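A.B. asks: how would this look folded up:
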Amino acid sequence: MGQYTAAPFADRTAVLLDFDGTIADTGTYIMRCAREALVECGYSREAEGDLHSLIGPPLFNGFADLCHQPLEEGMRITAVYRRIFDKDMSPDYYPVFPGMRELIVALRGQGRQVAVATSRLETTAHQMIDFLDLPPFDAIVGRLEPGRDTKAESIRDAMAQLGAAIDDSVMVGDRFHDVHGAHEQGIPCIGIYTGAADEGEHERAGADFVAHDVAQLAWALGVEL
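C.D. replies: Below is the predicted model:
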């Protein structure tokens, strides 16, 4: 596909997957909870901006950027958001994208390691994944407060838990910070468009391969669905 005549990452034995917007379609629920949090924190609906920008990156940064406020305000809004999110959280609100479960099953069937590397709080990531009909992951690594703040650090620690070398690993994510975090750790990243990213976002970020659906992602990883 594109400049590739063969699957470029078929030899990568450790596959790291983002969660929000990559494995699960959390966007609608994230935006609903974000809207409620912003209103509770005193922001008008007219001042909300593009809530799609909150899907993927660390929320406190996302809220600060969205509201053009300092990071401290982003953290205040995030605390309200988390309370709302946790209160109503249900797997009905974050379905697995079509084909992703089959992809994970196929990767594990090839004997490859599959991990989650997310910007979401690690405890919440475990809770959400436990509710989903997915094969077990070899590692689930997310944000720790304090101790693990960035996507690059989640990727680094996921690789460490797997015992995976740089040359064995590949990241898959739906936003530019997945690409940047992977490259910071010296590994390639497949950018997949699932709805949150603007067209061209992965290309501008320097993604090593761009997939527009799970079928293209599977091809890049050397998997038949």
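A.B. asks: Can you name the element that comes right after the helix-or-strand element of the chain with minimal mean pLDDT?
C.D. replies: Using mean pLDDT, DSSP states H and E, helix 59-67 stands out as the lowest-scoring helix or strand of the chain, at a mean of 89. The first helix or strand that comes after helix 59-67 along the chain, using DSSP states H and E, is helix 71-88.
A.B. asks: so how far is that next one from its chain's centroid?
C.D. replies: What separates the centre of helix 71-88 from the centre of its chain is 19 Å, taken as C-alpha atoms, centre = their mean, to the nearest Å.
A.B. asks: other SSEs contacting the least confident helix or strand of the chain?
C.D. replies: helix 27-40, helix 71-88 (3 or more C-beta pairs under 8 Å, 6 or more residues apart in numbering; DSSP states H and E). Backbone N, C-alpha and C define where each C-beta goes, glycine included.
A.B. asks: Need these in a markdown table (columns: mean pLDDT, distance to residue 61 and mean neighbour count).
C.D. replies: Rendered in a markdown table, the data for those read as follows (pLDDT from 0 to 100; distance: least, C-beta to C-beta, whole Å; neighbours: other C-beta atoms under 10 Å):
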| stretch | mean pLDDT | distance to residue 61 | mean neighbour count |
| --- | --- | --- | --- |
| helix 27-40 | 93 | 13 | 19 |
| helix 71-88 | 93 | 6 | 16 |
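A.B. asks: Columns distance to residue 95 on top of the ones you listed, output as CSV?
C.D. replies: Formatted as CSV, the entries for the helices and strands packed on helix 59-67 read as follows, by distance: least, C-beta to C-beta, whole Å:
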stretch, distance to residue 95
helix 27-40, 10
helix 71-88, 16
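A.B. asks: how long is stretch 10-23 end to end?
C.D. replies: The straight-line separation of the ends of stretch 10-23 (C-alpha to C-alpha, to the nearest Å) is 19 Å.
A.B. asks: State the distance from residue 125 to residue 199.
C.D. replies: 28 Å (C-beta to C-beta, to the nearest Å).
A.B. asks: between those two, which one's more packed in?
C.D. replies: A direct count of neighbours by other C-beta atoms under 10 Å for residue 125 and residue 199 places residue 125 higher, at 22 against 8.
A.B. asks: What residues of stretch 142-159 count as buried?
C.D. replies: 142-143, 148, 150-159 (16 or more other C-beta atoms under 10 Å).
A.B. asks: let me redo that: stretch 184-194
C.D. replies: Of the residues in stretch 184-194, those buried under the neighbour-count criterion (16+ other C-beta under 10 Å) are 185, 187, 188, 189, 190, 191, 192, 193, 194.
A.B. asks: Okay, domains of this protein per the record?
C.D. replies: The record assigns the chain these domain ranges, following automatic domain parsing: 14-26+94-221, 27-91.
A.B. asks: would CSV of those domains with distance to residue 6 be doable?
C.D. replies: CSV is the format used below for those (distance: least, C-beta to C-beta, whole Å):
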stretch, distance to residue 6
domain 14-26+94-221, 10
domain 27-91, 30
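A.B. asks: Out of the helices and strands packed on helix 59-67, which gets nearest to residue 58?
C.D. replies: With C-beta to C-beta, the closest approach to residue 58 among these belongs to helix 71-88: 8.6 Å.
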